[in-house]
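1. sequence plus predicted model, see below.
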Amino acid sequence: MDIIIDDLANGQVIGLLEEHLSDMYAISPPESVHALDVERLRSPDITFFSGWVEERLYGCLAMKQLTSQHIELKSMRTSQFARNSGVASALLTHALAVARAKGVQRVSLETGSQAFFKPARNLYKKFGFCYCAPFADYQEDPHSRFMTKVL
């Protein structure tokens, strides 16, 4: 899989992000959805990665710069056909390597507390993320779980 920095112009990427947002709103109350839409993902403080095999999108992941030493992972999503094939692990490995190369010391994320998000939580635990208190502008929320990893 080729992982690239994406400009969010490709229809496949936009479609995957729309699917992601749709699922988030179907699972969580609106006030507990922290996923970003395409325009907000185009912010200069976000680096957006997409993973491709030939011309087919396999998944995506964004890194939001919170401070010079702290980033947040956002919008991790694997295409339906590529689930359970290692795409998320490859994207996460790539993002953590980029973060280390930039001198980042902490990587954090927010994910859901519902059963739908259990595979994601298990993946993050496998990569050494631990549960933590809300960070940045987040507040306690029964529908959210916060995780962090020191690099």
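-> Ah, there it is.

2. extract the C-alpha trace of stretch 131-142 and format it as PDB.
-> What follows is stretch 131-142, C-alpha atoms only, in PDB (Å, rounded to 0.1, in the frame of the first residue of the first chain):
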ATOM      1  CA  TYR A 131      -6.600   5.600  28.400                       C
ATOM      2  CA  CYS A 132      -6.300   9.200  29.600                       C
ATOM      3  CA  ALA A 133      -8.400  12.200  30.600                       C
ATOM      4  CA  PRO A 134      -9.800  14.500  28.000                       C
ATOM      5  CA  PHE A 135      -7.100  16.600  26.200                       C
ATOM      6  CA  ALA A 136      -7.200  19.800  24.200                       C
ATOM      7  CA  ASP A 137     -10.700  21.200  24.100                       C
ATOM      8  CA  TYR A 138     -12.500  17.900  24.800                       C
ATOM      9  CA  GLN A 139     -14.700  17.400  27.800                       C
ATOM     10  CA  GLU A 140     -15.800  14.300  29.700                       C
ATOM     11  CA  ASP A 141     -18.400  12.500  27.600                       C
ATOM     12  CA  PRO A 142     -19.900   9.000  28.200                       C
END
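
3. so for it, mean pLDDT?
-> Averaging pLDDT along stretch 131-142 yields 97.

4. any idea how far the lengthiest strand in the chain is from the chain center?
-> Criterion DSSP state E: the longest strand present in the chain is strand 56-67. Distance of strand 56-67 from its chain centroid, counting by C-alpha atoms, centre = their mean, to the nearest Å, is 6 Å.

5. can you give me the buried ones in the helix or strand harbouring Asn122?
-> Per DSSP states H and E: Asn122 is located in helix 118-126. Neighbour counts using 16 or more other C-beta atoms under 10 Å place 120-121, 124 of helix 118-126 among the buried residues. In short, each C-beta sits where N, CA and C put it, glycine included.

6. cool, thanks, talk later.
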